[in-house]
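Novice: Got a predicted structure here, sequence first:
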Amino acid sequence: AQRVTQPEKLLSVFKGAPVELKCNYSYSGSPELFWYVQYSRQRLQLLLRHISRESIKGFTADLNKGETSFHLKKPFAQEEDSAMYYCALSRQDSNQFYFGTGTSLTVIP
Amino acid sequence: KAGVTQTPRYLIKTRGQQVTLSCSPISGHRSVSWYQQTPGQGLQFLFEYFSETQRNKGNFPGRFSGRQFSNSRSEMNVSTLELGDSALYLCASSLGGTKNIQYFGAGTRLSVL
């Protein structure tokens, strides 16, 4: 069965410090992985997807199939990065998404 | 381009009642997915509709149902409401192929008293 795990419910870092939000998944096929972000009082929106291999707002994420992980990283956290982050998986044969329970990131000034 | 629109934004119901939520997708999007969001469980997939047909279904009881109209607008219905149904219900639309980006609405906050 498909599952997405985000082990940290809450994460606090100081401004300028590196940040890593962890995401592990279980899926036997070839998944597509996404990171979605929800800023305060805004709707859930796509941050990045592994297939595009982009850096968005300084964030990057690398799919590690050996470790079944898709951790989100940013070298220098900014206050505006404070938000709820969700890792999501889409199966190769479906438009069904599986979301993790989310990590609330707080960047301390 | 208008985003995904969900109505109403807030609903208060009592146990045993039923409720209907509406979702208008982005123009041109044929897939609509519904999620239940709660603090403890995160986003849980309810079902997905594509071209008026339910294509995927999550692990929710039969009290949760939905439908999609020819203009891709979708409705979700919950019958015999329970206290545990209190949640934010999110709708997401996408073009409809596999692995498409999902665009989310602002949600309908349902409170069951």
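Specialist: It's in.
Novice: And the residue nearest to the spatial centre of chain B, which helix or strand is it part of?
Specialist: In chain B, the centroid-proximal residue (C-alpha atoms, centre = their mean) is B:Trp34; its distance is 3.2 Å. In this structure, B:Trp34 sits in strand B:31-38 according to DSSP states H and E.
Novice: and the following helix or strand past that strand, which strands flank it?
Specialist: Next helix or strand after strand B:31-38 toward the C-terminus (DSSP H and E): strand B:42-50. Next to strand B:42-50 in the sheet, as set by DSSP bridges, lie strand B:31-38 (antiparallel), strand B:53-57 (antiparallel).
Novice: And the strands in the chain, which stretches?
Specialist: You didn't pick a chain, so chain A it is. A:3-5, A:10-14, A:19-21, A:24-26, A:32-38, A:45-49, A:60-61, A:72-74, A:83-90, A:97-99, A:103-108 (DSSP state E).
Novice: my bad, chain B
Specialist: B:5-7, B:10-13, B:19-24, B:31-38, B:42-50, B:53-57, B:64-68, B:74-78, B:87-94, B:103-104, B:108-112.
Novice: I'd like the ones you listed laid out as CSV, including mean pLDDT.
Specialist: CSV is the format used below for the strands of chain B (pLDDT from 0 to 100):
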stretch, mean pLDDT
strand B:5-7, 97
strand B:10-13, 97
strand B:19-24, 98
strand B:31-38, 94
strand B:42-50, 92
strand B:53-57, 91
strand B:64-68, 97
strand B:74-78, 97
strand B:87-94, 96
strand B:103-104, 94
strand B:108-112, 97
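Novice: Would you tell me which residues of chain B are close to chain A?
Specialist: B:3, B:31, B:33, B:35, B:40-45, B:48, B:50, B:55-56, B:90, B:92, B:94, B:96-107 (C-beta under 8 Å from any C-beta of the partner chain). All C-beta spots, glycine's among them, are computed from the backbone N, C-alpha and C.
Novice: Of those, just the buried ones, ChimeraX syntax please.
Specialist: Applying 16 or more other C-beta atoms under 10 Å in any protein chain shown to the residues of chain B next to chain A leaves a buried subset, and the ChimeraX line that selects it is:
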select /B:31,33,35,42,43,44,45,48,50,55,56,90,92,94,96,99,100,101,102,103,104,105,106,107
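Novice: check contacts around the nearest residue to A:Ser40 once chain neighbours are set aside.
Specialist: With sequence-adjacent residues excluded and distances taken as C-beta to C-beta, 6 or more residues apart in numbering or on different chains, A:Ser40 is closest to A:Ala83, at 7.2 Å. Counting by C-beta atoms under 8 Å, 6 or more residues apart in numbering or on different chains, A:Ala83 makes contact with A:Val37, A:Gln38, A:Tyr39, A:Ser40, A:Ser104, A:Leu105.
Novice: ok, the first one touching A:Ile56?
Specialist: No: with contacts defined as C-beta atoms under 8 Å, A:Val37 does not count as touching A:Ile56, sitting 9.2 Å away.
Novice: Pull up the overlap in contacts between those two.
Specialist: A:Leu47.
Novice: Pick out whichever of those two has more residues nearby.
Specialist: Neighbours were counted for A:Val37 and for A:Ile56 using other C-beta atoms under 10 Å in any protein chain shown; A:Val37 has more, 21 against 15.
Novice: Fine, thanks again, bye for now.
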